[in-house]
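Enquirer: Can you look at this prediction? I've put the sequence above it.
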Amino acid sequence: MGARRVGKKRKTTIADALVEYDDAVRPIEVPRSLVDVWKGQPGVAGKCMNAQCIMRNKKLFPHKVLAVSVIKSRVFIMDTHDHAVRYVLSRKDSRAIQAHDEEALGQPGTLTLRPPAPSNAAGITYSSQHRPHKSKRGGQLKKTLSRGEKARVAAAVGAG
């Protein structure tokens with residue numbers, strides 16, 4: 001499952017279908033019970049313990065919840081047949097997913113779904129060529145080379 005931009009719309013692949021998505025606007029806390037852990041199928045994005053938890057508590061969401069796809073640090077909740085809402089998980093919840101997927105271990109608790117951070121967080125902006133740069137004093141921009149560009153420069157000068 002990889003998110004990408006198609007035209008001006010953001011899309012991701014969920015269950016072999018390309019689906020448009022938007023980011024959530026507020027955090028949601030969902031109580032995960034032992035029933036969710038028991039019913040959850042480790043390693044299955046739409047049937048894991050957290051997907052079971054979200055489906056059981058769908059009344060807590062400000063939008064419809066038709067289906068869920070949980071992948072380690074991201075949650076996509078289908079609100080229509082061709083649109084989803086994206087949430088992110090904390091590191092703690094991501095580790096719990098990994099433990100459940102690898103060893104079928106899980107425990108009750110609170111699942112916190114957060115809206116993703118904006119792409120310009122921490123003052124990083126992106127140029128039209130999608131290379132990050134940070135502002136320096138005097139308003140000058142320091143553009144960094146991408147990893148591939150650094151490798152091509154190193155190969156051209158014989159370093160390596």
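Expert: Ah, there it is. Numbers count the residues shown, from 1 in each chain.

Enquirer: Now the residue nearest to the spatial centre of the chain: closest residue in space, sequence neighbours ignored.
Expert: Per Cα atoms, centre = their mean, the C-alpha nearest to the average position across the chain is that of Arg74, at 3.1 Å. Leaving aside its sequence neighbours, Arg74 sits nearest to Val88 (Cβ to Cβ, 6 or more residues apart in numbering; 5.8 Å). Backbone N, C-alpha and C define where each C-beta goes, glycine included.

Enquirer: got the contact list for the one you found?
Expert: Neighbour list for Val88: Ser73, Arg74, Val75, Leu113, Arg114, Pro115, Pro116, Ala117 [criterion: Cβ atoms under 8 Å, 6 or more residues apart in numbering].

Enquirer: what's the closest non-adjacent residue to the last one?
Expert: In space, and not counting its chain neighbours, Ala117 is closest to Val88: 7.9 Å by Cβ to Cβ, 6+ apart.

Enquirer: Show me what that neighbour is bridged to.
Expert: Residues in a beta bridge with Val88, per DSSP bridges, are Arg74, Arg114.

Enquirer: Give me the distance between Leu113 and Arg152.
Expert: 41 Å (Cβ to Cβ, to the nearest Å).

Enquirer: Between these two, which is the more surrounded one?
Expert: Counted by other Cβ atoms under 10 Å, Leu113 and Arg152 do not tie: Leu113 has more neighbours, with 25 against 12.

Enquirer: Surely that one touches Pro27?
Expert: Yes - counting by Cβ atoms under 8 Å, Pro27 is a contact partner of Leu113 at 6.5 Å.

Enquirer: So for the residue nearest to Ala117, what's the pLDDT?
Expert: Here the pLDDT value assigned to Val88 is 91.

Enquirer: On the secondary structure side, give me the element for Tyr21.
Expert: Tyr21 is located in strand 17-23, with elements delineated by DSSP states H and E.

Enquirer: my bad, should have said Asp36
Expert: Here Asp36, judged by DSSP H and E, is contained in helix 34-39.

Enquirer: Flag every buried residue along that helix.
Expert: Buried residues in helix 34-39, counting neighbours by 16 or more other Cβ atoms under 10 Å, are found at Asp36, Val37, Lys39.
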